[in-house]
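**Q** turn this into a structure:
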Amino acid sequence: FIYLKKNGLDKKLVYTITSLLIGSTVLFLMDDHLLHRFMQLLQGNSSGRTTVIWPFTIEKIMDSPILGYGINTFKMLAVGTPAVRHAGLGVHNLTLELILYTGVVGFLIFSYIIWLTLKESFTKDKIFYFILFLSFIILMQFDGSLITSKVHLNIFILMLFFIYSFRLDKNTSS
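**A** Reported below is the predicted structural model:
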């Protein structure tokens, strides 16, 4: 949308979008595993994770919605539930994970931080970081853990550093 606003609809954009659509369609049609997985996702079946873990997590959130259970307590909560333990050892959804661990209070605080960071990065100089950060937050809604995964936490911290490093440049040059 930013490209369209800046450059309008040109041949380069049309060719790129068309090529990506044709390429991905051919890829999904030629590979039976990709096509099968895509059809499962369209039917709402996410290989057990969303159909087992997320309802379990929502049920636990309802038991302690305000302050949650504390950081990294999913394994402890799932001890008596073999289906959940078999499906995975984490929530695999950033929103549900934050509400489960920190409750609505912690989720609202974290959401406010995310909002401030997105707002900070939505400038001409930092639009690349805005797109990366927003993509990362969206991706975290479907897999991974910001709390228990060192890799995801490191990516998150690095993105925050790059987005807010522009403030450091302004302060040191004055």
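
**Q** now do the contacts for the residue nearest the centre of the chain.
**A** Geometric centre of the chain, nearest residue: residue 140, 2.1 Å, by Cα atoms, centre = their mean. If a contact means Cβ atoms under 8 Å, 6 or more residues apart in numbering, then residue 140 has 93, 94, 146, 152 as its contacts. C-beta: built from backbone N, CA, C; applies to glycine.

**Q** ok, now with 6 Å
**A** Shown here is residue 140, whose contacts under the criterion Cβ atoms under 6 Å, 6 or more residues apart in numbering are residue 94.

**Q** what's around residue 128, how many residues?
**A** Taking other Cβ atoms under 10 Å as the criterion, the count of residues near residue 128 is 10.

**Q** element containing it, please.
**A** When secondary structure is defined using DSSP states H and E, the element that contains residue 128 is helix 127-139.

**Q** report the mean per-residue pLDDT for that helix.
**A** Averaging pLDDT along helix 127-139 gives 90.

**Q** hmm, who's touching that helix?
**A** Residues lying outside helix 127-139 but in contact with it, judged by Cβ under 6 Å, 6+ apart, are 121, 122, 159, 162, 163.

**Q** try 8 Å
**A** Applying Cβ under 8 Å, 6+ apart, the set of residues contacting helix 127-139 from outside is 2, 94, 114, 117-118, 121-123, 155-156, 159, 162-163.

**Q** and those, which are buried?
**A** Among the contacts of helix 127-139, those classed as buried by neighbour count (16 or more other Cβ atoms under 10 Å) are 94, 117, 121, 155, 156, 159, 163.

**Q** please flag which of those sit within helices.
**A** Residues of the buried ones among the contacts of helix 127-139 located in helices (DSSP state H): 94, 117, 121, 155, 156, 159, 163.

**Q** lowest-confidence entry in the residues you listed?
**A** residue 121 (89).

**Q** and for the residue nearest to that residue when sequence neighbours are not counted, the neighbour number?
**A** In this structure, residue 121 finds its nearest non-sequential neighbour in residue 130, 3.9 Å apart by Cβ to Cβ, 6 or more residues apart in numbering. Neighbouring residues of residue 130 were enumerated by other Cβ under 10 Å; the total is 18.
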